[in-house]
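J.: task: produce atomic coordinates for the following.
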Amino acid sequence: MKLNNIEHSPASEAVPAGIAPDYTYVNTVGRIAVYDDLRSAPRIMEVPPADTASYIDSLSMTIYQQAQAIGGTIPHMVIREVSENFIHAQFQEVLVSILDRGNTIRFADHGPGITSKDKVQQLGFSSASEPMRNYIRGVGSGFPIVREYLEVSGGTITIEDNVGTGTVVTVSLVRPEDDPMEDWEEQPGSAAYPAAPAPQAMAPAAPQSYGQMAGYQQAVAPMPAYSPYPPAPAGYPAYQPYPQAPAPNPYGYAAPVAAPMMPAAVPAPVLNQRQRDILRYLAAEGMLSNKDLIARTGVPDATMSVDIKKLCEFGLVQTTGRGVRSLTPYGQQVAQTL
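T.: Numbers count the residues shown, from 1 in each chain. Here you go, the predicted model:
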């Protein structure tokens, strides 16, 4: 499936030595393979040629939407950072595979490859040239940001050599101890094949009276009322409790009414200083996007995404519209206690 009807030229050939590559336009087709399960061929989508900025936007957003559609939770920020790395390969043979219900994404190319796979995951190591920096930051922060987010979220990133030439980058939020393909196999006992209920031993039925068998309810004699007084002798009236007069009020005014109890303090989860600052800004300004919160707190993008995710899990923050954050009623109560 193509994203639009734009006709494209064939993939560009390698740039001859001594000639600077042109990064203003991508004239290759990017392919995205979505694996719904492992027993059928993947669905293939194509990202047509476009100017470099539009191509990166279209590629990263299509990957994000397709992964989300089958249950993925990898944020767009991670997908965008890795997609921008294709510029180092001059977008040669871009292939993206979406696996594990959208929670594993594999980015492959046939570029020159990455020789120092450990260094590119550290801040400050970069091979970006000046023309590339018109479309990416090019300061060596992409892979370190992705690695930090995935490590905090319990995920992984791996960088490997592709078959022949090029690089394969895999990001995943599937824990290593889990079997990522186990849920895809529809076996007896799964949602597709629910397990049959275990047979239960039938207890012998108790004998029933005719009234029970006919559907009638037997009348039950009421229990006699309990009295703390002994029965009166024959010929005398039964004992009656002595009437209790209300206690006199020696002060001459109405008894004071008990004051209402103060509501208990709202229980709040353990928050770090960054998360407290986010709640304060949202309480003061109502609704803010991640970009607004980053500008106010100075927290890096990846760290902000992790803190927002935690606050949403705590039930303190909610998403309103296009990525705009606001406090939940519970979050408003907690923010008042900070």
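
J.: ok, now which ones touch residue 325?
T.: 282, 287-290, 293, 308, 317-319 (CB atoms under 8 Å, 6 or more residues apart in numbering). For the C-beta atoms, the positions are set from N, CA and C on the backbone; glycine is no exception.

J.: type out the ChimeraX command that picks the buried ones from these.
T.: In ChimeraX syntax, the buried subset of those is picked out as below (16 or more other CB atoms under 10 Å):
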select :282,288,290,293,308,317
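
J.: would TSV of the contacts of residue 325 with secondary structure be doable?
T.: Below are those laid out as TSV (DSSP: H, G, I helix; E, B strand; the rest coil):
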residue	secondary structure
282	helix
287	strand
288	strand
289	strand
290	helix
293	helix
308	helix
317	strand
318	strand
319	strand
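
J.: among the contacts of residue 325, which one sits closest to residue 112?
T.: Relative to residue 112, the closest of the contacts of residue 325 is residue 290; by CB to CB it sits at 34.0 Å.

J.: and the pLDDT at that closest one?
T.: In this model, residue 290 is scored at 84, pLDDT.

J.: about what we covered before: and which of the contacts of residue 325 is nearest residue 331?
T.: Of the contacts of residue 325, the one sitting nearest to residue 331 (CB to CB) turns out to be residue 317, at 5.8 Å.

J.: what about the residue lying closest to residue 149 once chain neighbours are set aside, neighbour count?
T.: Closest residue to residue 149 apart from its sequence neighbours, by CB to CB, 6 or more residues apart in numbering: residue 302 at 4.2 Å. The number of residues packed near residue 302 is 22, by other CB atoms under 10 Å.

J.: quick one: contacts for residue 302?
T.: So residue 302 contacts 77, 145-146, 148-149 (CB under 8 Å, 6+ apart).

J.: is it in a helix, a strand, or coil?
T.: Residue 302 is classified as helix under three-state DSSP.

J.: kindly report the same for the one 4 residues further on.
T.: Remark: residue 306 carries the secondary structure label helix [criterion: three-state DSSP].

J.: neighbours of the closest residue to it other than its chain neighbours, just the number please.
T.: Distance criterion CB to CB, 6+ apart; nearest residue to residue 306, sequence neighbours excluded, is residue 152 at 4.9 Å. For residue 152, the count of nearby residues is 15 (other CB under 10 Å).

J.: for residue 152, give me the pLDDT.
T.: So residue 152 comes in at 89 (pLDDT).

J.: one step back: out of the contacts of residue 302, list just those in helices.
T.: If you go by DSSP state H, these have 77, 145-146, 148-149 in helices.

J.: among the residues you listed, which one sits closest to residue 50?
T.: Checking those one by one against residue 50 (CB to CB), the nearest turns out to be residue 77, at 21.5 Å.

J.: ok, that closest one to residue 108 distance?
T.: Residue 77 is 21 Å from residue 108, where distance means CB to CB, to the nearest Å.

J.: where does the stretch 201-338 of the chain dip in pLDDT?
T.: 201-267, 321-322 (pLDDT under 70).

J.: what ranges do the strands span in it?
T.: Assigned by DSSP state E, counting those that start in this stretch, the strands in the stretch 201-338 of the chain fall at 287-289, 317-320, 324-327.

J.: okay if I get the ones you listed as JSON lines plus distance to residue 128?
T.: Converted to JSON lines, the strands of the stretch 201-338 of the chain look like this (distance: least, CB to CB, whole Å):
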{"stretch": "strand 287-289", "distance to residue 128": "28"}
{"stretch": "strand 317-320", "distance to residue 128": "33"}
{"stretch": "strand 324-327", "distance to residue 128": "32"}
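
J.: closest to residue 125 out of these?
T.: Closest to residue 125 of the strands of the stretch 201-338 of the chain, according to CB to CB: strand 287-289, at 30.6 Å.

J.: against which helices or strands is that closest one packed?
T.: strand 324-327 (3 or more CB pairs under 8 Å, 6 or more residues apart in numbering; DSSP states H and E).

J.: what residues of the strand it packs on count as buried?
T.: 325-327.

J.: list the contacts of residue 60.
T.: 76, 79-80, 83-84.

J.: and of those, the nearest to residue 28?
T.: Residue 28 lies nearest to residue 83 out of these, by CB to CB, at 13.8 Å.

J.: how about that closest one, nearest residue that isn't a chain neighbour?
T.: residue 60 (4.2 Å).

J.: ok so that neighbour is a helix residue?
T.: Yes. Counting by three-state DSSP, residue 60 is located in a helix.

J.: sorry, back to before: closest to residue 38 among the contacts of residue 325?
T.: Using CB to CB, those come closest to residue 38 at residue 319, 32.5 Å.

J.: so what sits opposite the closest one in the bridge?
T.: For residue 319, the beta-bridge partners are residue 325 (DSSP bridges).

J.: look at residue 77 and residue 108 and report which has more neighbours.
T.: Here residue 77 and residue 108 are compared on neighbour count by other CB under 10 Å; more neighbours surround residue 108, at 21 against 17.
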